[in-house]
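**Q** Pasted the sequence and its predicted model underneath.
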Amino acid sequence: MTIPLTTRWVVVDIEGTVTATEQVHVVLYDYARPRLGAWIEEHPDDQEVASAVRQVRELAGLPATAGVDEVVRVLHEWMDADRKAAPLKTLQGLVWQHGYAHGELTIRLFPDAAPALRAWHEAGTHLAVFSSGSVAAQIALFGHTTDGDLTGLFSRYFDTVNAGPKREKPSYDRIAEELGTAPEGIAFLSDVPAELDAAAAAGWRTVGLARPGEPFADADFGPHPTTDSLAHLQVVPQR
Ligand SMILES: CSCCC(=O)C(=O)COP(=O)(O)O
Ligand SMILES: [Mg+2]
């Protein structure tokens, strides 16, 4: 079924929306797991790393003296539980950036994703990303897909640091303000009903992605129009 969508901006989630959860939890998390400890140890003067490590200790209730092994144990626990904590996302992003830059990582998008994103962009709809993955990780991911470098399609990137948690309305208010667009001129695409609820509460249009085999495929999407492919969205740019 085609879903008509007249909008100025399309904001996309990543995992479950444009790429399979397996690409994040297996390809990316498995790449990060054995490399996080070495990354922390090899970048003692990097303020971003030091700040993330400090935040891990605080969030996990570790003493300020806890060593890298303890911090890495927590990071692994968070990945196993898929806890999308900001300092984990920062550290993962740094490791992934290195992997992409050295030809060790490439991400496969759903087959409908790149053609749809390209068509919407070419027709004049602005595209942005809102993901739990850090902005640095988002840019690196879209720069290294099996469909090529897609970063030219996106004008803005938002994560839980510059926007806020994805299941809370104020994050969407903040993004709308940043985009300088009334909420009804923004559409959010996600596989997670709670994220769509928060976007709708902020006045955004929403579309749920219920893709076969994905964790939320059988979830209750309530009032949100829902599809299993971006190819079914008929996006018309709002002037
Ligand atoms: C952009 S980096 C890879 C994605 C990631 O780390 C992640 O947690 C995805 O979460 P999302 O909010 O896009 O479902
Ligand atoms: Mg998602």
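**A** Yes, it's here. Ligands and ions are numbered 1, 2, ... in the order given.
**Q** show me what contacts P4?
**A** Going by CB atoms under 8 Å, 6 or more residues apart in numbering, P4 touches Q234, V236. C-betas here are computed from N, CA, C, even on glycine.
**Q** Enumerate the residues of the chain near ligand 2.
**A** With CB under 5 Å from the ion as the criterion, the chain meets ligand 2 at residues D13, E15, G16, D191.
**Q** Those also near ligand 1: which ones?
**A** D13, E15, G16 (CB under 6 Å from any ligand atom).
**Q** Let's have these in JSON lines, adding pLDDT and neighbour count.
**A** As requested, those are exported to JSON lines (pLDDT from 0 to 100; neighbours: other CB atoms under 10 Å):
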{"residue": "D13", "pLDDT": "98", "neighbour count": "23"}
{"residue": "E15", "pLDDT": "98", "neighbour count": "23"}
{"residue": "G16", "pLDDT": "98", "neighbour count": "21"}
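**Q** Closest to R239 out of those?
**A** D13 (25.7 Å; CB to CB).
**Q** how about the nearest residue to that closest one, chain neighbours excluded?
**A** S190 (3.9 Å; CB to CB, 6 or more residues apart in numbering).
**Q** Likewise for A66?
**A** R57 (5.5 Å).
**Q** what's downstream of the stretch of helix or strand that neighbour belongs to, the next helix or strand?
**A** R57 is part of helix 47-60 when elements are defined by DSSP states H and E. Next helix or strand after helix 47-60 toward the C-terminus (DSSP H and E): helix 68-80.
**Q** picking up where we left off before, list the contacts for the residue nearest to D13?
**A** V12, D13, G16, T17, K166, L196, A199, T206, G208, L209.
**Q** Backbone torsions only: list them for it.
**A** Dihedral angles of S190 (phi, psi; degrees, to the nearest 10) stand at phi -150, psi 160.
**Q** Check the spacing between it and T226 real quick.
**A** 11 Å (CB to CB, to the nearest Å).
**Q** and for those two, which residues touch both?
**A** Common neighbours of S190 and T226 (CB under 8 Å, 6+ apart) are G208, L209.
**Q** Straight-line length of stretch 60-77, end to end?
**A** 10 Å (CA to CA, to the nearest Å).
**Q** Of all the residues in it, which ones are buried?
**A** A60, L62, A66, V71, V72, V74, L75, H76 (16 or more other CB atoms under 10 Å).
**Q** Verify the contact between T17 and F188 for me.
**A** No: using CB atoms under 8 Å, T17 makes no contact with F188, being 9.6 Å away.
**Q** which residues touch the residue lying farthest from the centre of the chain?
**A** Distance from the centre of the chain peaks at T65, with 31.9 Å (CA atoms, centre = their mean). Residues near T65 by CB under 8 Å, 6+ apart: none.
**Q** Check A187 too.
**A** L5, T7, W9, V10, V11, W204, R205, T206, V207, V235.
**Q** Sort out for me which of those residues are in strands.
**A** If you go by DSSP state E, the contacts of A187 have L5, T7, W9, V10, V11, R205, T206, V207, V235 in strands.
**Q** partners of the second one in the sheet?
**A** In this structure, T7 has the following beta-bridge partners (DSSP bridges): P237.
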